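Asker: structure, please.
(one chain, ligands or ions: 1)
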Amino acid sequence: MDLPTAPPTLPGASPCPASIGVFDSGVGGLSVLRELRTQLPSAPLLYVADSGHAPYGERSDAYVIERSRHIALHLRAQGAIGIVVACNTATAIAVRHLRELMPELPIVGVEPGLKPAVAATRNGRIGVLATPGTLASEKFQRLLQAQAGVTVLARPCPGLARLIEQGDLAAPALRAAIEAHCAALRAADVDTVVLGCTHYAFIRDHIEAAMGAQVRIIDTAHAVARHTVRTLAGRFADPGPAGAKSSAVTRLQTTGEPQRLREIASAWLAFPCTVEGI
Ligand code: DGL
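Answerer: Next comes the predicted model:
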């Protein structure tokens, strides 16, 4: 199936290059975006952080579906020829609706890496850190039931994404929350921890330190980017060798404060981006 080309540009509007659209409730999906940038150095990327409406993980399903539809339509109108839902919560609750809404666009979602965790565990005890919305979803419950022969401690982390959204990874309140969640996982004797929210990739070092070097941490950002490359292969002139210095533009848009996103992007991403409010 041929993918649609970018929609025509309206007279007077700025041109919309064909791009990969990526979104999250906020800055967490930047952990997926940086993998996409590495693996698709020549693809224009357009990222929307819905920080004005974060967190999704503590909202009703109807709210998450409505926000996800709104942003996906915006990305398509901006020229996205594929969409990466860089949010476990939005994927769990809304991805089916997005695929019905725009069947012509490939849509890649993310889910907690339970399958790689089952392959990695040695003692059969796995911890999953995720939002309450992800863990309560039918999609996650089905994923959980499909894993046989392991014990899974699924730990909801209300408030954790909101603390990461603040951008200060050394904040005492954030460090205390990480310690509380990790203490529960240590008490359950897990040897593998799944980062089931894209925000948590940015506190991976803190989680590693709190759990100890013997515990494996599973983050699916790399695998999601690989899957996106396969899904969109051939759609961009020359994807370039993975890891090459990027020649393509990376645009970040936010429904929150552009200045905060600018500061976070320059601290957390190793490539240049433009930032604008929407
Ligand atoms: N980053 C999101 C996820 O992967 C959601 C965080 C939130 O908004 O609650 O689930």
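Asker: now the strands for the stretch 101-250 of the chain?
Answerer: Assigned by DSSP state E, counting those that start in this stretch, the strands in the stretch 101-250 of the chain fall at 107-108, 125-130, 151-156, 192-195, 216-218, 250-254.
Asker: quick one: distance of the second one to the chain centre.
Answerer: So the one you mean is strand 125-130. A distance of 17 Å separates the C-alpha centroid of strand 125-130 from that of its chain, computed with CA atoms, centre = their mean, to the nearest Å.
Asker: now swap in the fifth one and tell me
Answerer: With CA atoms, centre = their mean as the basis, the distance from the averaged C-alpha position of strand 216-218 to the chain average is 17 Å.
Asker: that one near the ligand at all?
Answerer: No - judged by CB under 6 Å from any ligand atom, strand 216-218 stays clear of the ligand, getting no closer than 13.8 Å. For the C-beta atoms, the positions are set from N, CA and C on the backbone; glycine is no exception.
Asker: which parts of that strand are buried?
Answerer: The neighbour-count check on strand 216-218 (16 or more other CB atoms under 10 Å) flags Arg216, Ile217, Ile218 as buried.
Asker: contacting residues for the residue nearest to the last one when sequence neighbours are not counted?
Answerer: Read that as Ile218. Of all residues not flanking Ile218 in the chain, Gly113 sits nearest, at 4.2 Å (CB to CB, 6 or more residues apart in numbering). Residues near Gly113 by CB atoms under 8 Å, 6 or more residues apart in numbering: Val194, Leu195, Gly196, Ile218, Asp219, Thr220, Ala223.
Asker: just the residues you listed now: which is nearest the ligand?
Answerer: Minimum distance to the ligand across these is 7.1 Å, recorded for Gly196 (CB to the nearest ligand atom).
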